[in-house]
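J.: what follows is a predicted protein model with its sequence.
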Amino acid sequence: MSTTRGWSTELEGLRGIASLWVLIGHISLLVNCHIKLISSPGIGVDLFILLSGYLMAKNYIERREKEPWTATSTIRKFWTRRFFRIAPLYYLLLVIALAGGHWFGEMRDIIAHYYPGTATETSRYADRSLANILTHFSFVYGVLPAYSFNTVLPDWSIGLEMQFYVLFPFIMLITLRFGYGPTLIALMVLCCVGRFVFADYYEAFPMPSLILIKLNIFLSGMLLAEAIRNRKILYVALALLGPVASVVIGLEAIKLQVVMEVAMILGMAAILWQHPPHSATASLVRLPRKLLNNPLSTWLGDVSYSVYLLHLLIVIPAIGLMLHYHGLSNHSALVRFAIISAIAVPVVYLLATLLYHFVEKPGVKMGKHMLASPEKMQRQPG
């Protein structure tokens, strides 16, 4: 298993697959071309969530000697790193989404005119109210049903991710008191109980942006991290309780999505596991590891966040304009899918590469600089 970047580089490939899945999944849905598995972008989001839970737990545990979990400075550093990893690109694209909201809504209305089954409430794209702006810039929109799905961006999952970051250090502190496995399973149970106790609140969300709806999948990723770290098959089995919780919670949990959650957990476990050299299991995962470790997969992983956040800003206008001016609707579903993919995918990846180098990386660097500055001040002689 390659670890040249400080983590399993297979994870970069998996992130790249997740973002590509969401991109082509949205294209297929918006051109009314339903392709089994591909037309389920929510599965790609679940893969992102699993990876996030895995990476947060893995990195936090590996840093615990240098950054003790009980130290408030550790929590501050964690939140600072995650904010500067997520916020700079998000804020840039949010401004574009809000500024062009009326136009994106018009493009979306064109799509709905040709394919009524894809219709959505496009007026939400043009909401420039102070409440919508403030809730999005503060990331609290994810817990507010009225604002949780209220821009052209697929940012409901960004709000979800930020909620996980807020909770994560406290989850890790609780594991110190009650144990890793028992704590995470108890939290899954609480999310399931909440589904019935706060049923109206859960059901008010048009997308699963509330952490209680998706925390089970983050927790599955965290359980996988422990399974891989200590080679414990039991924790793989515990991670499979995440999809069981998805069935109990039930919101937007289609059968295929739950089956794929199970498949992704088992697949990640198989690929990331430290198999004995020259064993049959090592031979079985050799090809998937090579595919996930090649330069193309690494690049797809690098730009995955930009691709995910950017893609609807490109895909929706591309489809709307092609329908309105170039007779896209006259073609068969598969031809429509191929045409828009040929137009949008290269543009998305080109712009995402630029955003990665000129927005994402400088943002991460800024966060590191902010963390380094207080330490340098402390080392200055009095």
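T.: Perfect, I can see it now. Numbers count the residues shown, from 1 in each chain.

J.: now do the contacts for the residue nearest to the spatial centre of the chain.
T.: Nearest to the geometric centre of the chain sits F48, at 3.9 Å (C-alpha atoms, centre = their mean). For F48, the contacting residues are R15, A18, S19, S157, Y308, by C-beta atoms under 8 Å, 6 or more residues apart in numbering. Placement of C-beta: from N, CA and C, glycine included.

J.: could you identify the helix or strand that succeeds the helix or strand containing the first one?
T.: Translated: R15. For R15, the element it lies in under DSSP states H and E is helix 10-30. The helix or strand immediately downstream of helix 10-30 is helix 41-62, counting by DSSP H and E.

J.: does anything pack onto the top helix by length along the chain? Which helices or strands?
T.: Ordering each helix of the chain by length in residues (DSSP state H) puts helix 72-99 first. Here helix 72-99 touches helix 130-137, helix 156-178, helix 304-326, helix 361-379, going by 3 or more C-beta pairs under 8 Å, 6 or more residues apart in numbering; DSSP states H and E.

J.: name the stretch among those helices that sits most buried.
T.: With neighbours defined as mean count of other C-beta atoms under 10 Å, the helices and strands packed on helix 72-99 peak in mean count at helix 304-326, which reaches a mean of 22.

J.: okay, buried residues for the very next helix or strand once past that helix please.
T.: Sequence-wise, the next helix or strand downstream of helix 304-326 (DSSP H and E) is helix 333-355. Using 16 or more other C-beta atoms under 10 Å as the test for burial, helix 333-355 gives 336-337, 339-341, 343-345, 348-349, 351-352, 355.

J.: list the contacts of helix 333-355.
T.: Counting by C-beta under 8 Å, 6+ apart, 23-24, 27-28, 30-35, 89, 92, 299, 303, 306-307, 310-311, 314-315, 318-319, 322, 328-329, 331 sit against helix 333-355.

J.: circling back to that earlier point, could the helices and strands packed on helix 72-99 go into JSON lines alongside mean pLDDT and distance to P295?
T.: Formatted as JSON lines, these follow (pLDDT from 0 to 100; distance: least, C-beta to C-beta, whole Å):
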{"stretch": "helix 130-137", "mean pLDDT": "97", "distance to P295": "35"}
{"stretch": "helix 156-178", "mean pLDDT": "97", "distance to P295": "27"}
{"stretch": "helix 304-326", "mean pLDDT": "98", "distance to P295": "15"}
{"stretch": "helix 361-379", "mean pLDDT": "80", "distance to P295": "18"}
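
J.: these: which one's closest to P288?
T.: helix 304-326 (17.8 Å; C-beta to C-beta).

J.: packing partners of that closest one?
T.: Helix 304-326 packs on helix 10-30, helix 72-99, helix 101-114, helix 333-355, going by 3+ C-beta pairs under 8 Å, 6+ apart.

J.: reformat the ones you listed as TSV; add mean pLDDT and distance to S52.
T.: Listed next are the helices and strands packed on helix 304-326 as TSV, based on pLDDT from 0 to 100; distance: least, C-beta to C-beta, whole Å:
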stretch	mean pLDDT	distance to S52
helix 10-30	95	9
helix 72-99	97	10
helix 101-114	96	27
helix 333-355	98	19
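
J.: which one, of these, ends up nearest to P208?
T.: Taking C-beta to C-beta, helix 10-30 is the member of the helices and strands packed on helix 304-326 nearest to P208, at 14.4 Å.

J.: pull out the buried residues from stretch 65-73.
T.: Those would be W69, for stretch 65-73 by 16+ other C-beta under 10 Å.

J.: fine, thanks again, bye for now.
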